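Build the 3D model from these lines:
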Amino acid sequence: MSQTDRLARIGLEGFAAIDEHFGRAKRWPPAPKVIDCNEAAQLYKGKVFIDYRNKAADQRNKGKVYIDNRTGKPVPF
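Here you go, the predicted model:
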């Protein structure tokens with residue numbers, strides 16, 4: 001028996017003993033999907049406030065827009 005065969009057998013026996021003592025390693029559950037604020041508002045029927053701080057923003061509401069999730073349209077304040 002060569003050295004590599006002997007080391008492989010010893011390794012298998014060692015890991016088998018560890019598995020017998022501690023149990024087989026369990027897989028981690030998959031990570032939950034990350035959602036952004038818009039998806040969270042739609043999922044939980046919430047409101048999203050978007051603050052645009054630039055000159056191109058609508059001057060009527062001074063850069064703030066309320067989006068109604070039922071209709072999906074901006075609503076002025």
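
From the contact counts, what lies against the longest helix anywhere in the chain?
In the chain, with assignment by DSSP state H, the single longest helix is helix 3-22. Helices and strands in packing contact with helix 3-22 are not found; criterion 3 or more C-beta pairs under 8 Å, 6 or more residues apart in numbering; DSSP states H and E. Yep, even glycine has a C-beta here, placed from its N, CA and C like the rest.

surely Asn38 meets Val48?
Yes: judged on C-beta atoms under 8 Å, Asn38 makes contact with Val48 at a distance of 5.8 Å.

Between the two, point out the one with more neighbours.
Val48 (16 against 13; other C-beta atoms under 10 Å).

picking that back up, give the residues shared as contacts by Asn38 and Val48.
Counting by C-beta atoms under 8 Å, 6 or more residues apart in numbering, Asn38 and Val48 have no contacts in common.

re the thing from before, let me see the mean pLDDT of the longest helix of the chain.
Helix 3-22 carries an average pLDDT of 91.

Same check on stretch 32-48?
Mean predicted confidence for stretch 32-48 is 88.

Only the buried residues of that stretch, if you could.
For stretch 32-48, a neighbour-count test (16 or more other C-beta atoms under 10 Å) marks Ala41, Val48 as buried.

Can you tell me how far the residue most central in space within the chain is from Ala40?
Nearest to the centroid of the C-alpha atoms of the chain, with distances taken as C-alpha atoms, centre = their mean, sits Val34, at 3.0 Å. Separation of Val34 from Ala40 (C-beta to C-beta, to the nearest Å) stands at 10 Å.

hang on, the earlier thing: I'd assumed the residue nearest to the centre of the chain was in a helix, is it?
No: with DSSP: H, G, I helix; E, B strand; the rest coil as the criterion, Val34 is assigned coil and is not in a helix.
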